[in-house]
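In: Attaching a predicted model along with its sequence, questions to come.
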Amino acid sequence: MLLPQSPLPAVDIPLIEDPTYYTAKQVDIHPMAVEAIKPEYPEAAAAAGIEGFVTLRLLIDATGVVREISVVEAQPPDTFETAAVNAFRNARFIAAQRNDRPVKSDVRIKVMFEIIETTGARGAE
């Protein structure tokens with residue numbers, strides 16, 4: 001059976017990209033890092049025994065690439081921000097999902113900087 005030809009020409013319609021960056025409450029599945037993200041502890045802070053944290057805002061696209069990073073909070077200020085941003089700048093993620101499709105996400109991540117003393121293993125007594 002032959003189908004009748006349409007009098008209208010075929011038109012390629014591009015897929016419209018969803019411009020929304022969804023928050024954690026708006027997605028069904030949160031983005032996940034492809035591999036562990038380990039910021040370098042700043043030498044000056046380690047030598048001085050300084051601990052703290054940085055809260056980052058990441059805008060992650062639907063392919064899992066970090067598009068923007070900003071510092072939301074840092075304690076103490078001007079100590080760990082660069083290390084935290086550098087660690088997440090090239091991180092790759094499995095994108096968040098909403099309604100069974102990958103979407104852009106707006107993520108807050110608290111990066112802790114704590115000095116962990118290594119004291120060697122203790123044998124059985």
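Out: On my side now, so go ahead.
In: And the helix or strand encompassing V103, what's buried?
Out: Using DSSP states H and E, V103 falls within strand 101-113. Of all the residues in strand 101-113, those buried under the rule 16 or more other Cβ atoms under 10 Å are 102-107, 109, 111, 113. For every residue, glycine as well, the C-beta is placed using N, CA and C.
In: State the helix or strand in which A47 lies.
Out: helix 43-48.
In: Counting by contacts, list what that helix packs against.
Out: The helices and strands touching helix 43-48, judged by 3 or more Cβ pairs under 8 Å, 6 or more residues apart in numbering; DSSP states H and E, number zero.
In: next one: that helix to chain centre, how far?
Out: 26 Å (Cα atoms, centre = their mean, to the nearest Å).
In: Could I have the CA atoms of that helix written out in CSV?
Out: The C-alpha coordinates for helix 43-48 follow below in CSV (Å, rounded to 0.1, in the frame of the first residue of the first chain):
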residue,chain,number,x,y,z
GLU,A,43,50.3,23.0,52.5
ALA,A,44,50.1,26.2,54.6
ALA,A,45,46.8,25.2,56.2
ALA,A,46,48.1,21.7,57.0
ALA,A,47,51.3,23.0,58.5
ALA,A,48,49.3,25.4,60.7
